[in-house]
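**Student:** build the 3D model from these lines:
(one chain, ligands or ions: 1)
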Amino acid sequence: MIWDEKVETLPREALKALQVERLRDVAGRVYATVPFYKRAFDEKGIKPDDIKSMDDLKRLPFTTKQDLRDNYPYGLFTVPLENVVRIHASSGTTGKPTVVGYTKKDIETWAELMARALNAAGATKGDIIHNSYGYGLFTGGLGIHYGAERLGASVIPMSGGNSKKQIMLMEDFGSTVLTCTPSYALSLAETAEDMGVDFKNLKLKVGLFGAEPWSDKMRKEIEKKLNLEAVDVYGLSEIIGPGVGVECIEAKNGLHVFEDHFIVEVIDPETGEPLPYGENGELVFTTLTKEAFPSIRYRTRDISALDPEPCVCGRTSVRMERVSGRTDDMLIIRGVNVFPSQIESVLMNIEGVEPHYVLIVDRKGTLDTLEVQVEVNENVFSDSIKNLQALSNKIQKDVKDFLSISVKVKLVEPKTIQRSEGKAQRVIDNRKI
Ligand SMILES: [Zn+2]
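**Tutor:** Below is the predicted model of the structure:
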């Protein structure tokens, strides 16, 4: 299903020409209105009119989350506040949040892109969309909401929390599409089980899950437990919110980036140099049409790779691999780079293990230690000590084989690891305390 056939299947040459034209335009706007950007462009010795082709993109300066903080709250807005109709913010772990703004046209663009995303996932105007993303300063809830309305579907603005009520209403209202974080989807599956509700008796056919990295193994788990097709959606408030890219239901193999509105690059996080297609690095986005809060080469800290090959669905946009982790939640354990999602992949391949885990990092003397706490299912837990020990050994060995690090494994009872209603906390790093 393609929402905007003409744009989404535009030949790549035409798409590139459109991107260059829009890039020059957005560069001109930020240069003229935001002192931060003027200074950054001047330092690089480039003027907006110098942009002639996509090759000139790499001459532009990067923007980081720190730049947003330094210009808190409105310093990077390109329009007067009287033209801003919405403000969102994302919380940082420390200090002030980062703030983004939208004009009326930005809200329309966002709704249109989220309608595209929902449609790519198989949702249509006939659907009942149960939206469990948080409503508020976080862009997830309202982003999905406006897109669902633009699509013409019936949207249920649930927000997160109160899981029993969520299950009851999904059942009673006949919801056909579920939107939330993947970890909350699994939490809902457990609540349903406790309530004696079988997802097979619900009408859900597809789930649009995002806002945190999740593995293909977790996708299979969610699909099985919730009896639906699970599709990945990507976005971040600094770019627009959800609706930067989405998997198509036809392939479920990488996320189509909406390139008529965003330029995507993958760079080496150390050197800042753009990397060729297929290589893993840090995702960088430039917004092409945003009015109130454009971003130039924003460094996301998300790790992915790009694939320009045509897709079976007919869309011509480049696809980004599903985000495999973040440069800033990358753990360095005794010199080895480890992403929580890599450990997750190993765990999900092991029989008897549940998709709920937490990684505890510590330092004993000068040595880093990593403990993997993971839930096992009811049957395994009531099994003999000998079998539990064998399972623990297997996890240890598999992690060692795949990631070349030694970990301590602690198997815990079902439902003892804290559940999240939003983004799951996977890592506790005690080294900093
Ligand atoms: Zn596709």
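
**Student:** just say helix, strand or coil for V79.
**Tutor:** coil (DSSP: H, G, I helix; E, B strand; the rest coil).

**Student:** and for it, the neighbour number?
**Tutor:** 16 (other C-beta atoms under 10 Å). Placement of C-beta: from N, CA and C, glycine included.

**Student:** wait, what's in contact with it?
**Tutor:** 33, 101, 103, 291-292 (C-beta atoms under 8 Å, 6 or more residues apart in numbering).

**Student:** mind checking how far it is from the ion?
**Tutor:** Per C-beta to the ion, to the nearest Å, V79 is found 34 Å from the ion.

**Student:** try F262
**Tutor:** 17 Å.

**Student:** now go through the contacts of V79 and say which are in strands.
**Tutor:** Mapping these onto strands (DSSP state E) picks out G101.

**Student:** so where do the helices sit in the stretch 1-150 of the chain?
**Tutor:** 5-8, 12-33, 35-44, 65-70, 104-120, 139-151 (DSSP state H, counting those that start in this stretch).

**Student:** which bits of the stretch 101-250 of the chain sit near the ion?
**Tutor:** Contact residues (C-beta under 5 Å from the ion) of the stretch 101-250 of the chain with the ion: C248.

**Student:** count of neighbours near the residue in the stretch 101-250 of the chain that the ion sits nearest to?
**Tutor:** Closest to the ion within the stretch 101-250 of the chain is C248: 3.3 Å, counting by C-beta to the ion. The tally of other residues near C248 (other C-beta under 10 Å) stands at 25.

**Student:** try R59
**Tutor:** There are 12 residues near R59, going by other C-beta under 10 Å.

**Student:** from the ion, how far off is it?
**Tutor:** R59 is 32 Å from the ion, by C-beta to the ion.

**Student:** so what's that residue up against?
**Tutor:** 44, 46, 50 are the contacts of R59 under C-beta under 8 Å, 6+ apart.

**Student:** verify the stated contact: Q425 with Y357.
**Tutor:** No: assessed by C-beta atoms under 8 Å, Q425 is found out of contact with Y357, at 11.0 Å.

**Student:** which residue of these two possesses the greater neighbour count?
**Tutor:** It is Y357, of Q425 and Y357, that has more neighbours when counted by other C-beta under 10 Å, with 20 against 13.

**Student:** now the phi/psi pair for the more buried one, please.
**Tutor:** phi -150, psi 160 (degrees, to the nearest 10).

**Student:** coming back round to it: in CSV: the helices of the stretch 1-150 of the chain, plus mean pLDDT.
**Tutor:** Listed next are the helices of the stretch 1-150 of the chain as CSV, based on pLDDT from 0 to 100:
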stretch, mean pLDDT
helix 5-8, 97
helix 12-33, 98
helix 35-44, 98
helix 65-70, 92
helix 104-120, 98
helix 139-151, 97
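
**Student:** quick check on the contacts of R59: which are buried?
**Tutor:** I46 (16 or more other C-beta atoms under 10 Å).

**Student:** tell me which of the contacts of R59 is nearest to K225?
**Tutor:** K44 (49.7 Å; C-beta to C-beta).

**Student:** show me the contacts for that closest one.
**Tutor:** 59-61.

**Student:** JSON lines please, covering those and showing pLDDT.
**Tutor:** Putting the contacts of K44 into JSON lines (pLDDT from 0 to 100) gives the following:
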{"residue": "R59", "pLDDT": "97"}
{"residue": "L60", "pLDDT": "98"}
{"residue": "P61", "pLDDT": "98"}
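
**Student:** and which of these is nearest to A115?
**Tutor:** L60 (30.0 Å).

**Student:** bridged to R319, which residues?
**Tutor:** H256, D307 (DSSP bridges).
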